[in-house]
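# Structure, please.
(one chain, ligands or ions: 2)
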Amino acid sequence: MTFYEPETVVCNGSLFRLYITKEQIDKRVEELADKINRDYEDKKPIFIGILNGAFIFQADLMRHVTIPCEVDFFKLSSYGDEKVSSGHVTELKELDADVEGRHIILIEDIVDTGLSMRYMVSRIKAKKPASVSVVTLLHKPDATKHYVNVDYVGFQIPTLFVLGYGMDYAQEGRNLAQIYVIDDETEEGIPPIVPNGEKK
Ligand code: IMP
Ligand code: MG
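Numbering: from 1, shown residues only. Ligands and ions are numbered 1, 2, ... in the order given. Predicted structure coming up:
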């Protein structure tokens with residue numbers, strides 16, 4: 001099996017450099033799943049992925065989930081084809097699952113301004129679940145404009161535009177197996193990623 005993992009990539013005219021390797025991602029995804037397995041034992045949670053960005057992270061995470069659970073999807077759009085959030089959320093696909101009385105785990109690729117996740121949490125809470133928690137592979141804490149509690153974070157990153165592992169630039173680049181950062185914003189060197197959501 002060969003994954004698509006170049007060192008640099010040009011996507012829609014912009015240059016991106018490797019930022020988080022497949023090895024780092026795999027290790028962290030497994031750690032997140034282990035924690036969720038412990039926290040949700042006997043709770044039969046419903047994992048709800050937010051499409052499109054979450055599809056690869058969700059698939060990898062689910063392969064390490066060993067407790068009984070269900071999986072569903074919700075589709076939102078907030079970026080359009082730009083590198084900054086449009087500032088409003090559009091619903092493109094509703095849930096199929098009945099979430100009332102159930103433990104819900106929302107899955108995101110990246111929480112940036114917090115707009116999409118805050119919207120999703122209130123949308124799900126209105127359906128009267130037993131609980132709602134949030135897992136995201138990446139979090140840009142300095143970009144927060146809409147506060148939302150994030151329970152499980154893969155890596156905290158600075159406010160930089162990233163690509164790959166499900167995340168796109170104008171719909172391209174989702175198929176990259178690793179995570180890349182846009183080159184024109186990193187002249188002073190790329191700040192380090194912070195695993196576990198902990199500050200250095
Ligand atoms: P938020 O609503 O501003 O938190 O943005 C959340 C959504 O925007 C994420 O689910 C991603 O789909 C997209 N997004 C945010 N930052 C990036 C990025 O750096 N690269 C690609 N997509 C991003
Ligand atoms: Mg997304």
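# my guess is Gln58 contacts Gly49, does it?
Yes - look at Gln58 against Gly49 with C-beta atoms under 8 Å: they come within range, at 3.9 Å. Just so you know, the C-beta spots here come from the backbone N, C-alpha and C atoms, and that holds for glycine as well.
# These two: who's more crowded?
Between Gln58 and Gly49, counting by other C-beta atoms under 10 Å, Gly49 is the more crowded of the two (26 against 23).
# so what's the more buried one up against?
Neighbour list for Gly49: 55, 58, 71-74, 107 [criterion: C-beta atoms under 8 Å, 6 or more residues apart in numbering].
# Out of those residues, list just those in helices.
Among the contacts of Gly49, the residues falling in helices (DSSP state H) are 55, 58.
# restrict the contacts of Gly49 to contacts with ligand 1.
Among the contacts of Gly49, no residue is within reach of ligand 1 (C-beta under 6 Å from any ligand atom).
# ok, of the contacts of Gly49, which come out buried?
Among the contacts of Gly49, those classed as buried by neighbour count (16 or more other C-beta atoms under 10 Å) are 55, 58, 71, 73-74, 107.
# any chance of those residues in CSV, plus pLDDT?
Putting the buried ones among the contacts of Gly49 into CSV (pLDDT from 0 to 100) gives the following:
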residue, pLDDT
Phe55, 97
Gln58, 98
Val71, 97
Phe73, 95
Phe74, 94
Ile107, 98
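# And those, which is closest to Pro129?
Distance to Pro129, by C-beta to C-beta, is smallest for Phe74 among the buried ones among the contacts of Gly49, at 13.1 Å.
# wait, isn't the closest one in contact with Lys93?
Yes - counting by C-beta under 8 Å, Phe74 does reach Lys93; the two are 6.4 Å apart.
# joint contacts of those two?
Leu51.
# Can you tell me how far the nearest residue to Arg174 once chain neighbours are set aside is from ligand 1?
The spatially closest residue to Arg174, leaving aside those adjacent along the chain, is Asp168, at 4.9 Å (C-beta to C-beta, 6 or more residues apart in numbering). Distance, Asp168 to ligand 1, using C-beta to the nearest ligand atom, to the nearest Å: 6 Å.
# Look at Asp168 and say how many residues are nearby.
Using other C-beta under 10 Å, the number of residues around Asp168 comes to 19.
# same check, this time on the one 10 residues further on
Here the number of neighbours of Gln178 (other C-beta under 10 Å) works out to 21.
# Next, give phi and psi for it.
Gln178 adopts backbone torsions of phi -120, psi 180, taken as degrees, to the nearest 10.
# for it, what are its contacts?
5, 18-22, 25, 164-165.
# give me the beta-bridge partners of Val162?
Per DSSP bridges, the residues bridged to Val162 are Val181.
# can you tell me which residues contact it?
Shown in contact with Val162 (C-beta under 8 Å, 6+ apart): 19, 110, 138, 179-182.
# Good, wrapping up.
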